[in-house]
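[1] coords please:
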Amino acid sequence: MSYTDHRWFRPTAQSEAEILEVYRTTHQFYQEAHYREEHDRYCEWYQAIALQNQQELAKMRGDVNLFGWFCKK
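    Okay, here's the model as predicted:
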């Protein structure tokens, strides 16, 4: 098989407008993918912090209320 048999490797003639449109679409796609990854990472962090805060609140509710002893009239 010779080099000339691989016609699909030859670049096609595209106008500058088509090239820029492909670039813009590709850029927008990667921006959206990056945004979604960052959003998913933030949601995971927020869920972990919320769980930690709930656990700390449950622990605090079980503690003795020393402040209440000093403030009773």
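[2] Using PDB, write down the CA coordinates of the helix or strand bottoming out on mean pLDDT in the chain.
    Lowest on mean pLDDT, DSSP states H and E among the helices and strands of the chain sits helix 66-71, with a mean of 79. The C-alpha atoms that make up helix 66-71 are tabulated as PDB, following Å, rounded to 0.1, in the frame of the first residue of the first chain:
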ATOM      1  CA  LEU A  66     -22.400  25.000  80.700                       C
ATOM      2  CA  PHE A  67     -23.400  28.400  79.300                       C
ATOM      3  CA  GLY A  68     -27.000  27.700  80.300                       C
ATOM      4  CA  TRP A  69     -26.000  27.000  83.900                       C
ATOM      5  CA  PHE A  70     -24.300  30.400  84.200                       C
ATOM      6  CA  CYS A  71     -27.100  32.400  82.600                       C
END
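[3] Off-centre distance for it?
    Remark: helix 66-71 is offset 45 Å from the chain centroid, using C-alpha atoms, centre = their mean, to the nearest Å.
[4] List the buried residues of it.
    By 16 or more other C-beta atoms under 10 Å, helix 66-71 has no buried positions at all. C-betas here are computed from N, CA, C, even on glycine.
[5] just stretch 43-62 next, same as before
    Under 16+ other C-beta under 10 Å, stretch 43-62 has no buried positions.
[6] Residue 53: which element?
    helix 16-62 (DSSP states H and E).
[7] just for the chain, where's the confidence low?
    Low-confidence segments of the chain, defined by pLDDT under 70, span residues 1-12, 73.
[8] What about residue 72, how many residues nearby?
    5 (other C-beta atoms under 10 Å).
[9] Let me know the helix or strand that residue 14 is in.
    Here residue 14 is assigned to no helix or strand, by DSSP H and E.
[10] That one: neighbour count?
    Neighbours of residue 14 (other C-beta under 10 Å): 11.
[11] Pull up the gap between it and residue 23, please.
    Using C-beta to C-beta, to the nearest Å, we find residue 14 at a distance of 11 Å from residue 23.
[12] cool, and residue 50?
    For residue 50 relative to residue 23 (C-beta to C-beta), the value is 40 Å.
[13] what does residue 45 give?
    For residue 45, the distance to residue 23 - C-beta to C-beta - is 33 Å.
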